[in-house]
Every structure is written in C-alpha cells, then in structure tokens.
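Participant: Just the structure for this:
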Amino acid sequence: MAKLYLDEDMSSRVAQALRSKGFDVVSSHEVGNDGLSDEEQLGYVTKEGRHLVTYNAKDFLALANQWYQRGRRFPKILILREDHFPRHDLGAQIKTLEEFLNRSAQDLNLWDCVEFL
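Facilitator: Numbers count the residues shown, from 1 in each chain. Below you'll find the model as predicted:
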C-alpha cells in the first residue's frame, strides 16, 4: 500500500485522520521538515518511499521535470487543486486521499510522475 507525506501546505490533521483509518501518512509538521526547500522535501520522500501531497503545483511540476530529465527517481507527486479542494476543506482532502490510497494497490505507475487530484 502507498505511503503519503503531506508537505507544509497541508494540515497535520489530515494525516492524523488518515492514520486513524489505517493508512501510513505523515506530515512535514510531524517529522520536523517545515522550512525545507522543495528539493529537500522531494529528497526526503524519495528516501522514505512516500508519495508527496502538495498544493504547490508550479514548483513541484518544475522540480519533477528537472529530476526526470536528470534520470533521478522520485515517488508520485500528488497535487491538490485549490479550486477542487480548498485548503480549509479538510474533509474533502481526507476523502480524496483515502480514495487514492485505496486504489493505489492496483496503480502500477507510482513513481516518476505527477497526478492532479
């Protein structure tokens, strides 16, 4: 089953709610990674084998492209769209990430790509 890492754009309450449902999810706040650069965040998730969840499409799309062009592997980056999942709507975030986690067992493309949710 996929493991998630929520960057500092996300509330740690989302991670807590998903863990209460049996999923392996942590947030940058919980592991002391707030303030790291985007490159450091991607390096952390790669080392940990966790998929990154963020609202930061612009920077992480560029970073994913750079890593891909250099042949550097990275776990799937999940980008939440603010127009679909406002930052204050934790319930919608939890539901969407739970759906991703439930389907990820059948998803063979969990590395070196970006998915918009």
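
Participant: For residue 10, give me the backbone phi and psi.
Facilitator: phi -110, psi 150 (degrees, to the nearest 10).

Participant: the helices in this protein, which residues?
Facilitator: 12-20, 28-31, 38-48, 57-69, 90-103 (DSSP state H).

Participant: Of all those helices, which one comes closest to residue 111?
Facilitator: helix 38-48 (9.3 Å; Cβ to Cβ). (Glycine included, C-beta is placed from N, CA and C.)

Participant: Show me what counts as buried in the closest one.
Facilitator: Neighbour counts over helix 38-48 (16 or more other Cβ atoms under 10 Å) mark 38, 41-42, 44-46 as buried.

Participant: do the same with stretch 8-16
Facilitator: For stretch 8-16, by 16+ other Cβ under 10 Å, it's 8, 10-12, 14-15.

Participant: Tell me the one among those nearest to residue 103.
Facilitator: Using Cβ to Cβ, residue 14 comes nearest to residue 103 of the buried residues of stretch 8-16, at 17.9 Å.

Participant: thinking again about what came up before, using JSON lines, please lay out the buried residues of stretch 8-16 together with pLDDT and distance to residue 30.
Facilitator: Converted to JSON lines, the buried residues of stretch 8-16 look like this (pLDDT from 0 to 100; distance: Cβ to Cβ, whole Å):
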{"residue": "8", "pLDDT": "94", "distance to residue 30": "11"}
{"residue": "10", "pLDDT": "94", "distance to residue 30": "11"}
{"residue": "11", "pLDDT": "96", "distance to residue 30": "11"}
{"residue": "12", "pLDDT": "96", "distance to residue 30": "5"}
{"residue": "14", "pLDDT": "98", "distance to residue 30": "11"}
{"residue": "15", "pLDDT": "98", "distance to residue 30": "6"}
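
Participant: Pretty sure residue 30 sits against residue 15.
Facilitator: Yes - contact criterion Cβ atoms under 8 Å: residue 30 and residue 15 qualify, at 6.4 Å.
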